[in-house]
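Asks: structure, please.
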Amino acid sequence: MAEPDTETQTRPPDPIGRLLVVTIDRLPAWILPAYGATWVSTPTLDSLAGRGVVFDGVVATGVDPRRTLAELLGDSESALGGPAVVTDDAALADIVAGATVHRVEARATARPAADEDSTNVARLFAAATEEVATGRHRFVWCHASSLGVAWDAPDEFRDAYLDPDDPPPPAGAAVPDLVVTADTDPDLVVGLRHVFAGQLTLLDRRLSPLLAAAEAGWTIVVAGVRGMPLGLHGRIGNGDVPPYGELVRLPAIVVDRGGRMAAQRFGGLVTPADLGATLRELVAGDAPTHAATGGTPAEHAAGRSLAGLFEDWSVVGRDRVVTVTPEGVAVRTSAWHLVLPAAASNDAARPRLFAMPDDFFERCNVADRCPEVADELSQLAEAARDGDTMRAWSATLSPAAAGRS
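Replies: Residues are numbered from 1 along each chain as shown. You can find the predicted model right below:
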């Protein structure tokens with residue numbers, strides 16, 4: 001991709017802006033059209049991507065939503081004052097200091113909703129839209145967890161993805177927890193994906209009024225917190241899986257309030273903490289910046305600002321992201337995604353290596369064919385598993401492992 005023409009970009013209108021952050025738990029990147037999917041309808045997110053920068057390489061460093069949200073939000077409240085938090089998960093409301101919290105309960109339900117307005121996501125986004133419209137707060141954070149609570153989209157949303165010869169989608173609104181084996185009915189797997197796709201289309205439709213309320217003078221961020229396993233690696237639903245991309249690769253779209261760098265994509269590796277540092281600089285202009293590689297574990301945890309992307313596209317991504325979860329460890333570079341499952345995982349506890357970006361869905365394990373790379377990245381994964389954060393994040397990568405050869 002050619003570098004953006006920075007001379008034509010508009011400047012932010014004032015030194016302190018407004019910030020709307022919409023975080024969505026259990027939203028994977030791989031299923032969204034903005035990330036290459038061709039069969040799911042999300043026109044609101046597509047339009048948002050056309051207005052901002054799509055971050056292609058956001059990888060979570062863990063799967064605890066509280067930790068990821070704390071990294072993503074950073075300390076933006078110190079620049080904009082206490083935010084308004086509209087959330088359907090009370091356990092996350094205390095992450096931001098001095099917040100005014102509006103809780104909208106996410107209800108588990110056995111059946112799809114009769115209409116859109118009574119769905120979990122519709123009620124949540126309606127409350128957040130009202131909060132933005134009041135203008136009382138410079139910082140509004142809306143967090144949705146209902147993708148992991150109920151798939152309650154009315155029947156017409158899930159039916160929209162059926163071909164004439166497809167069997168009916170699975171009944172009910174309960175979020176599955178299904179182990180997928182060679183004996184699992186493929187129609188069941190496809191049907192559950194259709195139900196989830198319908199849920200995303202509902203979410204996208206109800207997101208539109210919220211984003212429209214924050215049109216002028218707002219920096220807008222929509223980001224995932226965790227992915228949703230949908231059968232690519234042996235599980236569908238909320239069950240635990242090793243840190244494959246379907247779980248830890250997150251969507252993130254950032255729209256600058258001044259319209260800079262609209263419709264651009266950044267492919268570098270990024271952590272949620274990097275996004276948090278970027279947001280603070282975009283809204284207040286005083287975020288710290290750390291080196292892309294090397295640095296102390298504290299610096300990696302704190303993140304580094306990528307706000308230079310909105311000035312002259314001068315920022316480069318990290319050379320790796322290390323993810324540590326109870327189910328295993330992953331090391332992602334620009335060329336590879338290595339997963340080292342935990343011994344107790346359903347997967348065999350041996351490294352699995354996937355070539356990036358060609359093997360987007362991580363279906364072809366090439367560890368046996370690329371033993372040197374697999375061994376090098378496995379050593380970093382083992383270091384992270386054993387608590388040696390410095391080595392995992394800072395050891396020099398070979399050209400092959402880094403993707404420079």
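
Asks: ranges for the strands of the stretch 301-405 of the chain?
Replies: Using DSSP state E, counting those that start in this stretch, the strands of the stretch 301-405 of the chain run over residues 321-325, 328-332, 336-341, 352-355.

Asks: need the residues that contact the third one.
Replies: Residues external to strand 336-341 that are found in contact with it (C-beta atoms under 8 Å, 6 or more residues apart in numbering): 242-245, 327-332, 347-356, 362, 367, 373-374, 377-378, 381-382, 385, 401, 403. Yep, even glycine has a C-beta here, placed from its N, CA and C like the rest.

Asks: that strand pairs with which strands?
Replies: strand 328-332 (antiparallel), strand 352-355 (antiparallel) (DSSP bridges).

Asks: list the buried residues in that strand.
Replies: Neighbour-count burial for strand 336-341, counted by 16 or more other C-beta atoms under 10 Å, picks out Trp336, His337, Leu338, Val339, Leu340, Pro341.

Asks: and if you look at stretch 126-133?
Replies: Buried residues in stretch 126-133 (16+ other C-beta under 10 Å): Ala126, Ala127, Ala128, Thr129, Glu131, Val132.

Asks: quick one on the thing from earlier: tell me which of the strands paired with strand 336-341 is the most buried.
Replies: Per residue and on average, the most neighbours among the strands paired with strand 336-341 fall to strand 328-332, with a mean of 27 (mean count of other C-beta atoms under 10 Å).

Asks: could you point out the helix or strand that follows the strand or helix carrying Leu211?
Replies: Taking DSSP states H and E as the criterion, Leu211 maps to helix 186-213. Next helix or strand after helix 186-213 toward the C-terminus (DSSP H and E): strand 218-224.

Asks: quick one: contacts of the helix or strand following that next one?
Replies: Using DSSP H and E, the helix or strand that follows strand 218-224 in sequence is strand 235-237. With C-beta under 8 Å, 6+ apart as the contact definition, strand 235-237 has outside contacts at 175-180, 189, 192, 228-230, 241, 346.

Asks: Gly317 contacts Thr271, doesn't it?
Replies: No - applying C-beta atoms under 8 Å as the test, Gly317 and Thr271 come out as separate, 9.8 Å apart.

Asks: restricted to buried residues, select the contacts of strand 235-237 in PyMOL.
Replies: Remark: buried members of these, expressed as a PyMOL selection using 16+ other C-beta under 10 Å:
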select buried, resi 175+176+178+180+189+192+228+229+230+241+346
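
Asks: in JSON lines, list the contacts of strand 235-237 along with pLDDT and distance to Gly50.
Replies: Formatted as JSON lines, those follow (pLDDT from 0 to 100; distance: C-beta to C-beta, whole Å):
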{"residue": "Val175", "pLDDT": "97", "distance to Gly50": "31"}
{"residue": "Pro176", "pLDDT": "95", "distance to Gly50": "33"}
{"residue": "Asp177", "pLDDT": "95", "distance to Gly50": "36"}
{"residue": "Leu178", "pLDDT": "94", "distance to Gly50": "36"}
{"residue": "Val179", "pLDDT": "94", "distance to Gly50": "39"}
{"residue": "Val180", "pLDDT": "94", "distance to Gly50": "35"}
{"residue": "Val189", "pLDDT": "94", "distance to Gly50": "32"}
{"residue": "Leu192", "pLDDT": "96", "distance to Gly50": "30"}
{"residue": "Met228", "pLDDT": "96", "distance to Gly50": "25"}
{"residue": "Pro229", "pLDDT": "95", "distance to Gly50": "29"}
{"residue": "Leu230", "pLDDT": "95", "distance to Gly50": "26"}
{"residue": "Val241", "pLDDT": "94", "distance to Gly50": "32"}
{"residue": "Asn346", "pLDDT": "61", "distance to Gly50": "40"}
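
Asks: which one of the contacts of strand 235-237 is nearest Leu207?
Replies: Met228 (17.0 Å; C-beta to C-beta).

Asks: now do that closest one against Leu250, distance only.
Replies: 11 Å (C-beta to C-beta, to the nearest Å).

Asks: and for the two, which residues touch both?
Replies: Common neighbours of Met228 and Leu250 (C-beta under 8 Å, 6+ apart) are Leu27, Pro28.

Asks: thinking again about what came up before, out of the strands paired with strand 336-341, nearest to Ala214?
Replies: Using C-beta to C-beta, the nearest of the strands paired with strand 336-341 to Ala214 is strand 328-332, at 31.6 Å.

Asks: measure how that closest one sits relative to strand 321-325, angle-wise.
Replies: Strand 328-332 runs at 170 degrees relative to strand 321-325, counting by axes from the mean of the first three to the mean of the last three C-alpha atoms, to 10 degrees.

Asks: so how far is strand 328-332 from its chain's centroid?
Replies: Between the centre of strand 328-332 and the centre of its chain there are 16 Å (C-alpha atoms, centre = their mean, to the nearest Å).

Asks: other residues contacting it?
Replies: 59, 242-244, 248, 269, 320-323, 337-342, 345, 347, 356, 377, 380-382, 384-385, 392.

Asks: same deal with stretch 195-210?
Replies: 20, 22, 24, 27, 31-32, 39-45, 116, 119, 121-122, 125-126, 128-129, 132, 142, 144, 147, 151-154, 157-161, 169-170, 222, 228, 230.

Asks: for Asp94, what is the enclosing helix or strand?
Replies: Using DSSP H and E, no helix or strand contains Asp94.

Asks: can you redo the strands paired with strand 336-341 as JSON lines with mean pLDDT and distance to Arg66?
Replies: Shown next, in JSON lines, are the strands paired with strand 336-341 (pLDDT from 0 to 100; distance: least, C-beta to C-beta, whole Å):
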{"stretch": "strand 328-332", "mean pLDDT": "97", "distance to Arg66": "20"}
{"stretch": "strand 352-355", "mean pLDDT": "97", "distance to Arg66": "28"}
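
Asks: with distance to Ile236 as extra columns, can I get those strands in CSV?
Replies: Formatted as CSV, those follow (distance: least, C-beta to C-beta, whole Å):
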stretch, distance to Ile236
strand 328-332, 18
strand 352-355, 19
